[in-house]
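**Student:** What would the 3D arrangement of this be:
(4 chains)
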Protein chains: 4
Amino acid sequence: MKTKLTIIPRYAETDQMGIIHHSVYPIWYECGRTAFCKDLGMPYHEMEKKGVALAVINVNVNYKYPAFYGDELTIYTWISSCTKIRVEFGYEIYNQNNELINYGSTMHAWVNDKLRPVNIVKIAPEIYEFLLKTKE
Amino acid sequence: MKTKLTIIPRYAETDQMGIIHHSVYPIWYECGRTAFCKDLGMPYHEMEKKGVALAVINVNVNYKYPAFYGDELTIYTWISSCTKIRVEFGYEIYNQNNELINYGSTMHAWVNDKLRPVNIVKIAPEIYEFLLKTKE
Amino acid sequence: MKTKLTIIPRYAETDQMGIIHHSVYPIWYECGRTAFCKDLGMPYHEMEKKGVALAVINVNVNYKYPAFYGDELTIYTWISSCTKIRVEFGYEIYNQNNELINYGSTMHAWVNDKLRPVNIVKIAPEIYEFLLKTKE
Amino acid sequence: MKTKLTIIPRYAETDQMGIIHHSVYPIWYECGRTAFCKDLGMPYHEMEKKGVALAVINVNVNYKYPAFYGDELTIYTWISSCTKIRVEFGYEIYNQNNELINYGSTMHAWVNDKLRPVNIVKIAPEIYEFLLKTKE
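**Tutor:** Predicted coordinates:
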């Protein structure tokens, strides 16, 4: 399963090079994750209410081509790896000309509401089952 | 009492007009408030630990002249009004040429950790006394 | 003419009070303006290519009720005043329960690509005509 | 040469997990680069005026421990690799307890003001010489 989300770059996200600032992409990746969990029928804010969260432990972003204010972008988000303690997401961003402009990954650890690492299978096995299915 | 804080504009804060984006100023005002409370000997994160916070109910910002990456700015922050339920802060920002480039105000309501309005005199009179003194 | 735009709050836009940080609203207002200009058939990035821009000279934001991650918001944007040298926009934001949570205004001056104030009627009368019509 | 810069986390940079949001670190890295170039006697905004810039092509961030509002952080920035077409920076962030909380790298390509890749030795050899010296 890959989730597709349209991103309209914001003027506030541009910088004085005339392009979207590189720090914005991790935020767009996060928008991709939000859309992914919603598509899955398991909105992230509801996971948080159950007392589990995905703490970010690595972000890796590759910039091939800039994005501009006025563009209409598409971000694809998927789970590339999922264990009892970690989840990795993959991302690709295309512009309106269908050019791949950016790709990357984020690695997350399952944590409880005290930010302590947890084994998701013990805490919320139904979430783990849900995520595994997206890899089929 | 007025608190003086140096602000170095960040590249990420510029936009494609080549200036600092207007949405950054409320964040700088907040940095001014953080410095103000610290100067007062009552850091804001310690106020929050006591269960009281200042919820923003109005922001008013006036832009006279742009700020640029490479500038060194100074923000002055003070309390312009303080009651049992509300606090108003005032701000002025100057550039390295001592030009007033921006000024404004923020209005806040005292709230508890459930975001419910509270009378600060009943909840934490020592904080109220502290803030009143800054007006002398 | 009022433009309606859906806003999905981003996790990155939350703060440790558990709500959307107040500095995000001026950015959402800007998203509203972008959508407004697009609806008008005159995208803002094309106005900029013609050498005219709207420099922000005042932002005024009123916070009635917080927004949360997981909400689905609607922002309405319109022109409340338009002269040869200035444009004022108005905004209202509603949550999924149709509660008005935030409203405000931004005042802008017409400037050229050197950020110098200009009379829009002299520089680009077709833009002025366009904007005036939205008030009907 | 390593540049040391103090970072005071901003309230706006927190999220509803009660920690600094992960998207803020690339911005802090950039603050580190700004301080690095300034320490070098070659402010980045002056490099841009000469028509050269460092376009970001990769960002890699590792999160070991969260940062909090109320912390006082120190970021160290250095050049880990420098060729005629690329520059890599390294970063480490420590908290007030001298714990390493975050580390990472950014890879940049030299570009001109049209964002086209350039050979820095041909365009601005003095900048290249400057950067090489920092590795001694």
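
**Student:** Which of the three states applies to the most centrally placed residue in chain A?
**Tutor:** Nearest to the mean C-alpha position of chain A, counting by CA atoms, centre = their mean, stands residue A:33 at 3.4 Å. With DSSP: H, G, I helix; E, B strand; the rest coil as the basis, residue A:33 sits in helix.

**Student:** In three-state terms, label the residue in chain A sticking out farthest from the centre for me.
**Tutor:** The C-alpha centroid of chain A is most remote from residue A:16, which lies 26.6 Å away (CA atoms, centre = their mean). Under three-state DSSP, residue A:16 falls in the coil class.

**Student:** got it, and residue A:88?
**Tutor:** strand.

**Student:** What of the one 10 residues further on?
**Tutor:** Three-state assignment for residue A:98 (three-state DSSP): coil.

**Student:** So what's the residue count around residue A:99?
**Tutor:** 10 (other CB atoms under 10 Å in any protein chain shown). (Each C-beta comes from the backbone N, C-alpha and C, glycine too.)

**Student:** Could you verify my assumption that it touches residue A:65?
**Tutor:** Yes: using CB atoms under 8 Å, residue A:99 is in contact with residue A:65, at 6.1 Å.

**Student:** hang on, the earlier thing: what confidence value was assigned to the residue nearest to the centre of chain A?
**Tutor:** We have a pLDDT of 98 for residue A:33.

**Student:** just residue A:136 next, same as before
**Tutor:** pLDDT, residue A:136: 62.

**Student:** Name whatever forms a beta bridge with the residue nearest to the residue farthest from the centre of chain A when sequence neighbours are not counted.
**Tutor:** The shortest distance from residue A:16 to any non-neighbouring residue, by CB to CB, 6 or more residues apart in numbering or on different chains, is to residue B:14 (4.0 Å). Note on residue B:14: beta-bridge partners by DSSP bridges are residue B:20.

**Student:** For residue B:14, give me its contacts.
**Tutor:** A:15-16, B:20-21, B:68-69 (CB atoms under 8 Å, 6 or more residues apart in numbering or on different chains).

**Student:** show me where pLDDT drops low in chain A?
**Tutor:** A:136 (pLDDT under 70).

**Student:** how about 80 then?
**Tutor:** A:135-136 (pLDDT under 80).

**Student:** returning to what we had before: nearest to chain C among the contacts of residue B:14?
**Tutor:** Ranked by distance to chain C (CB to the nearest CB), these are led by residue B:21 at 8.6 Å.

**Student:** Would you mind confirming that residue A:20 is in contact with residue A:65?
**Tutor:** No: with contacts defined as CB under 8 Å, residue A:20 does not count as touching residue A:65, sitting 10.9 Å away.

**Student:** who's more crowded, the two?
**Tutor:** Taking other CB under 10 Å, residue A:20 and residue A:65 do not tie; residue A:20 has more neighbours (25 against 14).

**Student:** Please tell me how far that one sits from residue C:57.
**Tutor:** To residue C:57, residue A:20 is 25 Å away according to CB to CB, to the nearest Å.

**Student:** Could you report the neighbour count for residue A:125?
**Tutor:** Residue A:125 has 12 nearby residues by other CB under 10 Å.

**Student:** For it, grab phi and psi.
**Tutor:** For residue A:125, the backbone dihedrals (degrees, to the nearest 10) come out as phi -60, psi -30.

**Student:** go on, residue A:47?
**Tutor:** phi -60, psi -40.

**Student:** burial count for the residue lying closest to it once chain neighbours are set aside?
**Tutor:** Once flanking residues are discounted, residue A:47 sits nearest to residue A:127: 6.4 Å by CB to CB, 6+ apart. Applying other CB under 10 Å, we find 20 residues neighbouring residue A:127.

**Student:** and what of residue A:64?
**Tutor:** Residue A:64: 11 neighbours (other CB under 10 Å).

**Student:** so it makes contact with residue A:101?
**Tutor:** Yes: if you go by CB under 8 Å, residue A:64 and residue A:101 touch, sitting 5.6 Å apart.

**Student:** Would you mind measuring from the residue nearest to residue A:16 to residue C:25?
**Tutor:** The value you get for residue B:14 to residue C:25, if CB to CB is used, is 21 Å.

**Student:** Residue A:11 now?
**Tutor:** 15 Å.

**Student:** if we can go back for a sec, tell me if I'm right that the residue farthest from the centre of chain A and residue B:13 touch.
**Tutor:** No: if you go by CB under 8 Å, residue A:16 and residue B:13 don't touch, sitting 9.6 Å apart.

**Student:** overlap in contacts of these two?
**Tutor:** Common neighbours of residue A:16 and residue B:13 (CB under 8 Å, 6+ apart) are residue B:69.

**Student:** where along chain A do the strands fall?
**Tutor:** A:3-7, A:52-63, A:73-82, A:86-94, A:100-112 (DSSP state E).

**Student:** Mind checking those strands for the one nearest to residue D:113?
**Tutor:** Closest to residue D:113 of the strands of chain A is strand A:52-63 (CB to CB; 17.9 Å).

**Student:** what packs against that closest one?
**Tutor:** Counting contacts by 3 or more CB pairs under 8 Å, 6 or more residues apart in numbering or on different chains; DSSP states H and E, strand A:52-63 packs against helix A:25-39, strand A:100-112, strand D:52-63.

**Student:** Not counting residues beside it along the chain, what's closest to residue A:39?
**Tutor:** In space, residue A:39 is closest to residue A:3, 4.8 Å off (CB to CB, 6+ apart).

**Student:** now swap in residue A:67 and tell me
**Tutor:** residue A:20 (4.2 Å).

**Student:** What of residue A:13?
**Tutor:** Per CB to CB, 6+ apart, closest to residue A:13 is residue A:24, 4.6 Å.

**Student:** Same question for residue A:101.
**Tutor:** Residue A:101 sits nearest to residue A:65 (CB to CB, 6+ apart), 4.2 Å away.

**Student:** What of residue A:5?
**Tutor:** Of all residues not flanking residue A:5 in the chain, residue A:35 sits nearest, at 4.3 Å (CB to CB, 6+ apart).

**Student:** Could you do residue A:34 as well?
**Tutor:** residue A:44 (5.6 Å).

**Student:** Touching, that neighbour and residue A:37? I think so.
**Tutor:** Yes: Residue A:44 lies in contact with residue A:37 (CB under 8 Å); the separation is 4.4 Å.

**Student:** Which neighbours do those two have in common?
**Tutor:** Common neighbours of residue A:44 and residue A:37 (CB under 8 Å, 6+ apart) do not exist.

**Student:** Contact residues of chain A facing chain D?
**Tutor:** A:16-17, A:19, A:22-23, A:25-27, A:30, A:48, A:53, A:55-64, A:66, A:115 (CB under 8 Å from any CB of the partner chain).

**Student:** Among those, the buried ones, what's the ChimeraX command?
**Tutor:** In ChimeraX, this line selects whichever of the residues of chain A next to chain D come out buried by 16 or more other CB atoms under 10 Å in any protein chain shown:
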select /A:16,17,19,22,23,25,26,27,30,48,53,55,56,57,58,59,60,61,62,63,66
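
**Student:** mind checking the backbone torsions on residue A:2?
**Tutor:** phi -120, psi 130.

**Student:** quick one: contacts for it?
**Tutor:** Here residue A:2 is in contact with A:76-78 (CB under 8 Å, 6+ apart).

**Student:** Make a PyMOL selection of whichever of those residues turn out to be buried.
**Tutor:** In PyMOL, a selection of the buried entries from the contacts of residue A:2 looks like this (16+ other CB under 10 Å):
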select buried, chain A and resi 76+77+78
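
**Student:** can you redo the helices and strands packed on strand A:52-63 as TSV with distance to residue C:131?
**Tutor:** TSV is the format used below for the helices and strands packed on strand A:52-63 (distance: least, CB to CB, whole Å):
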stretch	distance to residue C:131
helix A:25-39	31
strand A:100-112	33
strand D:52-63	35
